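In: A structural model of the following input is requested.
(2 chains)
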Amino acid sequence: KAGVTQTPRYLIKTRGQQVTLSCSPISGHRSVSWYQQTPGQGLQFLFEYFSETQRNKGNFPGRFSGRQFSNSRSEMNVSTLELGDSALYLCASSLDGLHGTDTQYFGPGTRLTVL
Amino acid sequence: SQQGEEDPQALSIQEGENATMNCSYKTSINNLQWYRQNSGRGLVHLILIRSNEREKHSGRLRVTLDTSKKSSSLLITASRAADTASYFCLLGTYKYIFGTGTRLKVLA
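Out: This next block holds a predicted model:
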């Protein structure tokens, strides 16, 4: 099976712009989670989608949003970018993932730089 | 904070030695997973241990879980230079929570 794929791999934006990142989960996986990784804050949970519905959400401002399509592919959007949004954004998929019961498989990440 | 705490933050050992890293947490969990990350790239899944398990092995990896102490340890035996990476624990709870990570350096 193909692994989790994320596009684009690298992105450079300027403050105030918005960005959309894409994640394709492993075939058959219905849960997709997103994480932000920064040197200062480490790995932080953004949100989780299951069957096109946001099932869980971390402590991030409303500028961070996401969605999931019927084929389980997911996108996350960050509006009005700030310098502090520069990070590695990781997507993970699992079969179900309810209450953290399944193994999560991670994609290679998208490196976002905000200038 | 609900974040898992890992120690040590950094560990440097010689090839062939064993490496042990620990993860402590505060919340109830369904399982605990360990991941490896090389140089800020994607996370590679190593092992999952469920809350009703006490020990699990996978190749050179041994993981223990003590839910009464809310802690887990990852032991890598006979370390190799290729094991140089950051290691993270991931708490399987209703919100996925990562540990702070241990940076392992294995010297050839």
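In: show me which residues of chain A sit near chain B.
Out: Counting by Cβ under 8 Å from any Cβ of the partner chain, the residues of chain A close to chain B are A:4, A:33, A:35, A:37, A:42-45, A:48, A:56, A:58, A:88, A:90, A:92, A:99-101, A:103-109, A:111. Bear in mind the C-beta positions are built from the backbone N, C-alpha and C, glycine included.
In: what's around residue B:48, how many residues?
Out: Using other Cβ atoms under 10 Å in any protein chain shown, the number of residues around residue B:48 comes to 19.
In: what about it, helix or strand, and which?
Out: strand B:43-50 (DSSP states H and E).
In: if you count neighbours, what's buried in that strand?
Out: B:43, B:46-49 (16 or more other Cβ atoms under 10 Å in any protein chain shown).
In: one more: stretch A:22-38?
Out: A:23-26, A:29-37.
In: tell me the span between the first and last residue of that stretch.
Out: 19 Å (Cα to Cα, to the nearest Å).
In: likewise stretch A:13-22?
Out: 16 Å.
In: hang on, the earlier thing: between the buried residues of stretch A:22-38, which is nearest chain B?
Out: residue A:33 (6.2 Å; Cβ to the nearest Cβ).
In: which SS state does the closest residue to that closest one other than its chain neighbours fall under?
Out: Spatial nearest neighbour of residue A:33, excluding adjacent residues (Cβ to Cβ, 6 or more residues apart in numbering or on different chains): residue A:48 at 4.3 Å. Following DSSP: H, G, I helix; E, B strand; the rest coil, we place residue A:48 in the strand state.
In: quickly list what residue A:48 is bridged to.
Out: residue A:33, residue A:56 (DSSP bridges).
In: so it touches residue B:93, yeah?
Out: No. Contact criterion Cβ atoms under 8 Å: residue A:48 and residue B:93 do not qualify, at 11.9 Å.
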